[in-house]
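Enquirer: Dropping a prediction and its sequence here:
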Amino acid sequence: MPITCDRLTILPGETLVVDANWEEFNEILEELGEKRSSRIAYQKGQLHIMVPLSDHEYAKERLGDFIKAMLEELDIEFCSLGSTTLKKLQC
């Protein structure tokens, strides 16, 4: 049975994990669009959908700021990509 976004209700702080294939993952990404409050990941046949709490976002930002400052201090090149979806293996 296909997964449709209009059937999903996920409250802040909750994570939903469902079996899905790569095509279903891409269909959900397309349906939800770029401007969404949920985090969506796909790994080994499972779709993970999470609606983070503001506490998660605050901690994520602080940790990211710390890591960026450390990398800059150590003169290590980096590229911050945020929640970018990589659709093929990049080596």
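Expert: Structure received. The structure presented is a predicted model; accordingly, all values stated were derived computationally and were not measured.
Enquirer: which ones are touching the residue positioned nearest the centre of the chain?
Expert: By Cα atoms, centre = their mean, the mean C-alpha position of the chain lies nearest to residue 39, the distance being 3.8 Å. By Cβ atoms under 8 Å, 6 or more residues apart in numbering, the residues touching residue 39 are 48, 49, 50, 51, 52, 83. Heads up, the C-betas are built off the backbone N, CA and C, glycines and all.
Enquirer: Sketch out the strands for this structure, chain order is fine.
Expert: Applying DSSP state E to the chain gives strands spanning 15-19, 39-43, 46-50.
Enquirer: still on that earlier bit, out of the contacts of residue 39, flag the one nearest to residue 24.
Expert: The closest of the contacts of residue 39 to residue 24 turns out to be residue 49 (Cβ to Cβ; 11.8 Å).
Enquirer: quick revisit: so the residue nearest to the centre of the chain bridges to which residues?
Expert: Beta bridges link residue 39 to residue 50, judged by DSSP bridges.
Enquirer: Now do it, the pLDDT please.
Expert: Here, the pLDDT recorded for residue 39 equals 82.
Enquirer: what about it, distance to residue 74?
Expert: According to Cβ to Cβ, to the nearest Å, residue 39 and residue 74 sit 29 Å apart.
Enquirer: cool, and residue 55?
Expert: Taken as Cβ to Cβ, the span from residue 55 to residue 74 is 29 Å.
Enquirer: how far off strand 46-50 does the helix of greatest length in the chain point, in degrees?
Expert: Looking across the chain with DSSP state H, the single longest helix is helix 54-73. Here helix 54-73 runs at an angle of 100 degrees relative to strand 46-50 (axes from the mean of the first three to the mean of the last three Cα atoms, to 10 degrees).
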